[in-house]
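Enquirer: any chance you can model this:
(2 chains)
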Number of protein chains: 2
Amino acid sequence: MSEEIQHADADELQARLSEVQTLLARHHLVEDLVHKQEMPRHELVESLVHKQHLNELRHKLDKMHPADVAYILEALPLDERLMVWDLVKAERDGEILLEVSDAVRETLIANMDSDELVAAAESLDADELADLAPDLPHEVIQDVFQSLSVEEREQLRAAMSYPEDSVGSIMDFEMVTVREDVTLEVVLRYLRRFDELPDHTDQLFVLDRDERLKGVLPLNKLLINDPESEVADVMISDFVHLEPDDDAEEAAQAFERYDLVSAPVVDRDDRLVGRVTVNAVVDFIREESESELLAQAGLREEEDIFASVWNSVKNRWTWLAINLVTAFIASRVIGAFEGSIEKLVALAALMPIVAGIGGNSGNQTITMIVRAIALGQIQPESARRLLHKELGVALINGLVWGGLLGVVSWWLYHSFQLGLVMTGAMTLNLLLAATVGVVIPMTMQKFGRDPALGSSVLITAVTDSGGFFIFLGLATLFLL
Amino acid sequence: MSEEIQHADADELQARLSEVQTLLARHHLVEDLVHKQEMPRHELVESLVHKQHLNELRHKLDKMHPADVAYILEALPLDERLMVWDLVKAERDGEILLEVSDAVRETLIANMDSDELVAAAESLDADELADLAPDLPHEVIQDVFQSLSVEEREQLRAAMSYPEDSVGSIMDFEMVTVREDVTLEVVLRYLRRFDELPDHTDQLFVLDRDERLKGVLPLNKLLINDPESEVADVMISDFVHLEPDDDAEEAAQAFERYDLVSAPVVDRDDRLVGRVTVNAVVDFIREESESELLAQAGLREEEDIFASVWNSVKNRWTWLAINLVTAFIASRVIGAFEGSIEKLVALAALMPIVAGIGGNSGNQTITMIVRAIALGQIQPESARRLLHKELGVALINGLVWGGLLGVVSWWLYHSFQLGLVMTGAMTLNLLLAATVGVVIPMTMQKFGRDPALGSSVLITAVTDSGGFFIFLGLATLFLL
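Expert: This next block holds a predicted model:
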């Protein structure tokens, strides 16, 4: 990273955004004046004033880190975003496109022509290009591909071939390698011939004559050891092996457990094919946790906050539709007991409480189990033990909260029996929630599915319909 | 980290857990045999067999990384967990306690006596000790404090004084510092006197005579530049400044934006007080995202999956209680319309659909807004624009889904007017959800509160009670 580029903390970043907005506002003001007052268009004057503001802005943007430009682009509405995007130097387009969110990237790419896109893409490394490629038009990819060296083409092809969320999809190819039979002095001299080491080079990779990875040489060891020592004597031969097809989540856990900065990626024959760095892992962790949060709320993907109404509708409709279906099923369960409700209308008022507590409690159970499965803490043998525990928790909650609500219902509706039905239904629905909360994710895991997928919808569907059925069923049996 | 310690990928880790479980099972088997068949207790033989299994286990544990031992402890039920814990070498207790989850740490500490705890604590650095301190008995802290050097006491006091989630709470004190007027050659010789550099040393900190931070010297620059150059000519003077009172989240965002491995922490006078490393940031990001997920499901904290029923109940009751209150309010809203339901019992079956879609849609809106606020993408001026957009989305969803459900209700209950009320109520509840989904987090932010706090409960409470009120109210006005 060039030293001219300035780093900013959060406040400075906000200040920069305000500056950009002020400059844009001034620019708009001049345009408005010219337009509204029907000023004679002294084009020279006008364009000078414009240019002044825009030049100032361009100058500021040039000095910002690509991630900060990305931040500003994301925080601006579409028209202003595109105006700022035009002011960014063409040779920086590529690195900035990598930094913006998927949704914002789409809006930027949609407003670039093929030549601009090819130029932007050509400024990137193979692994970065692979990240960007799915968003680029096919002919742009073709053009870029032509311009690559044979080695880069091979890397790009490899990088694009790995499935999403695999180690291959987050690795890069910027490794510095050394031989094991040279002295540290030779390594030090070799490094001095570089203009720059790749970012996040905390260790060099030691290869034998067949390009097999024999060990890693941390820079720390290189620095503290006698320059006369041989690499083989200083290197570490027990290191974390990642393979391109491993889950990226596994790599992330290894980085967390062992506090890594970089790790080599090898193929089945121990040949070095790439490396994963901690910044890629941090991005991966953030994206995973965001998409989990978004998925829980039923958003398909991260949304550009200034997206059009139509794009937002598209992003959200799937989940709403699924929920409507489950709500409709629950509604039909109630419909089956309309006769009972007609006779005792209090049931209509009390039933959402029974369904609600089941949903909440079930979500607690399933969240805990899904998380423990993700961390590898649950063996199939533990299932019975966990189920027992969850049933115990449900029983206590049912007796305590169900008991309380039973008393309240008795007091409100002057019916001791209604109170008993309330307590019984709440306890049974909590037991149902606990059972389903353990069984759904364990079953998903058994069949090799992602236990988190749709877990919240499923359990709410069960506890809603189940809760209505249990409560109205008990009431019909014992009260009418 | 010693080279004897072995790294494991996810599969190896699972395999190690199985090994431990097998050894424990064999150990139990012997005990059972002795017990059940009432074998004469040839104590020597028995204890030899025991010892053999336990020794094998001890040996395996010694070779594992502390994080892997922590993983195994977390995956074992309490009795087996404590058996394994006893086999861990005392001098490793401290580092392992740092790695286990809070809930599991409690169970381990509860089973150690004061001397063991003091010994474990004394093996840690000041910043690590500060992390562990809240879980240790007061007298243990006192004892440890006595054993520290003056400088360490000062560091420990400082580390413990910073609020949770501040930069101070995630920083450490292991900085390597150099002067700016020496040559790189001198720096290289200085480093060779170290036995080991602190983990994550990717840059040295350059101080002037008053201990003020003048710049940073990345190891990369140290390695590629001519040893005759002076530090001042090679160092970078524009670097990320963190202060101990900054939000840790801000630091995490800086690490993400600028792909940092370490960053200096300075006080107001630019004096270096510590550094933040990427592993602390990764841990922080994971914990934040986990606690967000757990909070959404209404779990106060991470739960030991083998926690007792009682501890689980305590961890979960707050949220259940809050939800019961909001469900009770919604129930009273329905109660106010019991007369209408008695006349038209179809209302009871349809009303959960209206409430449900409002809750889902409101959660989508609020999740998106909360996230955008957290990323600093929303200015107060954008509020009106966002509200317009969300109202637009709600209107479309209301007309589409509300229209569909209106037709279904008409067909099910043969009442065109009931269909119209259904469509109208769904649309109005979606508009309510959109308004509240934008207004709640923006208001929280205005008053300096965390917009995420309880957002999901609040919006569901509003859309439930609001949905019932709107639907039953419209029905009472137009159908009866």
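
Enquirer: mind checking which helix or strand residue A:420 is in?
Expert: helix A:416-446 (DSSP states H and E).

Enquirer: flag the shaky bits of chain A, pLDDT-wise.
Expert: A:1-6, A:28-50 (pLDDT under 70).

Enquirer: go again with 50.
Expert: Counting by pLDDT under 50, chain A shows low-confidence ranges at A:1-3, A:38-41.

Enquirer: for residue A:121, see how far away the residue nearest the centre of it is.
Expert: Residue closest to the average C-alpha location in chain A (C-alpha atoms, centre = their mean): residue A:287, at 1.9 Å. Residue A:287 sits at a distance of 22 Å from residue A:121 (criterion: C-beta to C-beta, to the nearest Å). In this view, the C-beta of every residue, glycine as well, is placed from N, C-alpha and C.

Enquirer: and what of residue A:88?
Expert: The value you get for residue A:88 to residue A:121, if C-beta to C-beta is used, is 15 Å.

Enquirer: more crowded one of the two?
Expert: Taking other C-beta atoms under 10 Å in any protein chain shown, residue A:88 and residue A:121 do not tie; residue A:121 has more neighbours (23 against 18).

Enquirer: report the contact partners of the spatially closest residue to the more buried one that is not a sequence neighbour.
Expert: Leaving out its chain neighbours, the residue that sits closest to residue A:121 by C-beta to C-beta, 6 or more residues apart in numbering or on different chains is residue A:144, at 4.5 Å. By C-beta atoms under 8 Å, 6 or more residues apart in numbering or on different chains, the contact list for residue A:144 reads A:118, A:121-122, A:129, A:136.

Enquirer: in helices only, show me these.
Expert: Among the contacts of residue A:144, the members found in helices (DSSP state H) are A:118, A:121-122, A:129.

Enquirer: between those, which is closest to chain B?
Expert: residue A:129 (17.9 Å; C-beta to the nearest C-beta).

Enquirer: in the stretch 51-200 of chain A, which residue sits nearest chain B?
Expert: Counting by C-beta to the nearest C-beta, the stretch 51-200 of chain A gets nearest chain B through residue A:67, at 3.8 Å.

Enquirer: does that residue touch residue A:98 like I think?
Expert: No: the criterion here is C-beta atoms under 8 Å, and residue A:67 misses it with residue A:98 at 9.3 Å.

Enquirer: okay, these two: which has more neighbours?
Expert: residue A:67 (21 against 18).

Enquirer: which element is that one on?
Expert: Using DSSP H and E, residue A:67 sits in helix A:66-75.

Enquirer: show me which residues of that helix are buried.
Expert: Applying a neighbour-count criterion of 16 or more other C-beta atoms under 10 Å in any protein chain shown, one finds A:66-75 buried in helix A:66-75.

Enquirer: then stretch A:397-406?
Expert: A:397-398, A:400-402, A:405-406.

Enquirer: straight-line length of that stretch, end to end?
Expert: 13 Å (C-alpha to C-alpha, to the nearest Å).

Enquirer: that one near chain B anywhere?
Expert: Yes: using C-beta under 8 Å from any C-beta of the partner chain, stretch A:397-406 reaches chain B at A:397, A:401, A:404-405.

Enquirer: pipe those into CSV and attach secondary structure and distance to residue B:294 per row.
Expert: Shown next, in CSV, are the residues of stretch A:397-406 next to chain B (DSSP: H, G, I helix; E, B strand; the rest coil; distance: C-beta to C-beta, whole Å):
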residue, secondary structure, distance to residue B:294
A:397, helix, 18
A:401, helix, 20
A:404, helix, 25
A:405, helix, 26
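
Enquirer: tabulate those (JSON lines), appending distance to residue A:228.
Expert: What follows is those, written out as JSON lines (distance: C-beta to C-beta, whole Å):
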{"residue": "A:397", "distance to residue A:228": "69"}
{"residue": "A:401", "distance to residue A:228": "73"}
{"residue": "A:404", "distance to residue A:228": "78"}
{"residue": "A:405", "distance to residue A:228": "79"}
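
Enquirer: just those now: which is nearest residue B:103?
Expert: Nearest to residue B:103 out of the residues of stretch A:397-406 next to chain B is residue A:397 (C-beta to C-beta; 19.3 Å).

Enquirer: neighbours of the nearest residue to the closest one once chain neighbours are set aside, how many?
Expert: Excluding the flanking residues, the one nearest residue A:397 by C-beta to C-beta, 6+ apart is residue A:430, at 5.5 Å. Residue A:430 is flanked by 31 other residues according to other C-beta under 10 Å.

Enquirer: got it, and residue A:368?
Expert: Residue A:368 has 26 nearby residues by other C-beta under 10 Å.

Enquirer: got the buried residues for the helix or strand hosting residue A:332?
Expert: When elements are assigned from DSSP H and E, residue A:332 belongs to helix A:309-336. Of all the residues in helix A:309-336, those buried under the rule 16+ other C-beta under 10 Å are A:309, A:311-313, A:315-317, A:319-320, A:322-324, A:326-328, A:330-331, A:333-335.

Enquirer: do the same with stretch A:103-123
Expert: Buried residues in stretch A:103-123 (16+ other C-beta under 10 Å): A:103-105, A:107-109, A:112, A:117-121.

Enquirer: ok, stretch A:377-391 near chain B or not?
Expert: Yes: contact of stretch A:377-391 with chain B (C-beta under 8 Å from any C-beta) involves A:377-379, A:382, A:385-386, A:389-390.

Enquirer: gap between the two ends of that stretch?
Expert: End residues of stretch A:377-391 are separated by 20 Å (C-alpha to C-alpha).

Enquirer: and for that stretch, what's in contact with it?
Expert: With C-beta under 8 Å, 6+ apart as the criterion, stretch A:377-391 contacts A:365, A:369, A:372, A:431, A:434-435, A:437-439, A:442, A:445-446, B:17, B:21, B:71, B:74-75, B:77, B:305-307, B:309, B:312.

Enquirer: list the buried residues for it?
Expert: For stretch A:377-391, by 16+ other C-beta under 10 Å, it's A:377-378, A:382-383, A:386-387, A:389-391.

Enquirer: from those, pick the one nearest chain B.
Expert: Distances from chain B to the buried residues of stretch A:377-391, taken by C-beta to the nearest C-beta, are shortest for residue A:377, at 4.5 Å.

Enquirer: check which helix or strand that closest one maps to.
Expert: With DSSP H and E as the test, residue A:377 turns up in no helix or strand.

Enquirer: check residue A:214 too.
Expert: Using DSSP H and E, residue A:214 falls in strand A:213-218.

Enquirer: circling back to that earlier point, which of the buried residues of stretch A:377-391 sit farthest apart?
Expert: The most distant members of the buried residues of stretch A:377-391, if one measures by C-beta to C-beta, are A:377 and A:391, lying 19.6 Å apart.

Enquirer: okay, and the beta partners of residue A:206?
Expert: residue A:178, residue A:215 (DSSP bridges).

Enquirer: OK, contacts around it?
Expert: A:177-180, A:213-217, A:231-232, A:235.

Enquirer: check residue A:262 too.
Expert: A:200-203, A:275-278.
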